[in-house]
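Chemist: Return a 3D structure for these sequence lines:
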Amino acid sequence: MKATAWITSAVFVLVCAILQAQPPAGAGVLPGRQISQIETDAIKASLRNDVAFFENLMADDYFGIDPAGNVVSKSKAIADRKSGALQWRDIKASEERVEVFGDIAIATGLWTTKGTLAGHDIGGAVRYTRIYRNVNGTWKLNHNQLTSVAP
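Modeler: All right, here's what the predicted structure looks like:
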């Protein structure tokens, strides 16, 4: 009887350990790779002006800082896309780096772009820092900081 109780207890502990070690649903891809994929998808969405992609990606409390130092809210960023004021013709990404700290991820890199905002040329090289937050298994963009790189 003691041996059966001991074996049952050992099996129970083993099953609990196995279940505890299982990754959460949707965690088959490493978070850094998920963020890198989001960055790639964001370039494609920018080039085709996919407003819905950015409405979904940006957190409700999103804000960005543009290369001129202006604060840009989610509503402004979406409005510029919807109106066609923001137009990208080309975006090349390089020097991408992603660091993940639990439910927070930071992506940095360099974009070389061709585009316009309200008819003004905004092409050139910019370094970016983006902060993502994982909310219930979905990565949301909370912040985007852009800094112009001198030619």
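Chemist: Helices of the chain, start to end?
Modeler: With DSSP state H, the ranges of helices along the chain come out as 2-21, 31-47, 51-57, 74-83.
Chemist: Least confident of those, on average?
Modeler: With a mean of 39, helix 2-21 has the lowest mean pLDDT of the helices of the chain.
Chemist: Do you know the pLDDT at Phe73?
Modeler: No Phe there; residue 73 is Ser. Note on Ser73: pLDDT of 97.
Chemist: list the contacts for the residue nearest to it when sequence neighbours are not counted?
Modeler: Among residues not flanking Ser73 along the chain, Phe63 sits closest, at 5.7 Å (CB to CB, 6 or more residues apart in numbering). In this view, the C-beta of every residue, glycine as well, is placed from N, C-alpha and C. Neighbour list for Phe63: 71-74, 143 [criterion: CB atoms under 8 Å, 6 or more residues apart in numbering].
Chemist: Render the CA-only coordinates of stretch 52-64 in CSV, please.
Modeler: Extracted C-alpha coordinates of stretch 52-64, given in CSV (Å, rounded to 0.1, in the frame of the first residue of the first chain):
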residue,chain,number,x,y,z
ALA,A,52,-6.0,48.1,-40.4
PHE,A,53,-2.6,46.6,-39.7
PHE,A,54,-1.5,49.6,-37.7
GLU,A,55,-4.9,50.1,-36.0
ASN,A,56,-4.4,46.5,-34.7
LEU,A,57,-0.7,46.8,-34.0
MET,A,58,-0.7,50.0,-32.0
ALA,A,59,-1.8,50.0,-28.4
ASP,A,60,-4.5,52.4,-27.5
ASP,A,61,-2.0,54.5,-25.5
TYR,A,62,0.6,54.4,-28.3
PHE,A,63,2.6,57.5,-28.9
GLY,A,64,5.6,58.2,-31.1
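Chemist: for this protein, longest strand please?
Modeler: Assignment by DSSP state E gives strand 86-101 as the longest strand of the chain.
Chemist: Understood, closing this out.
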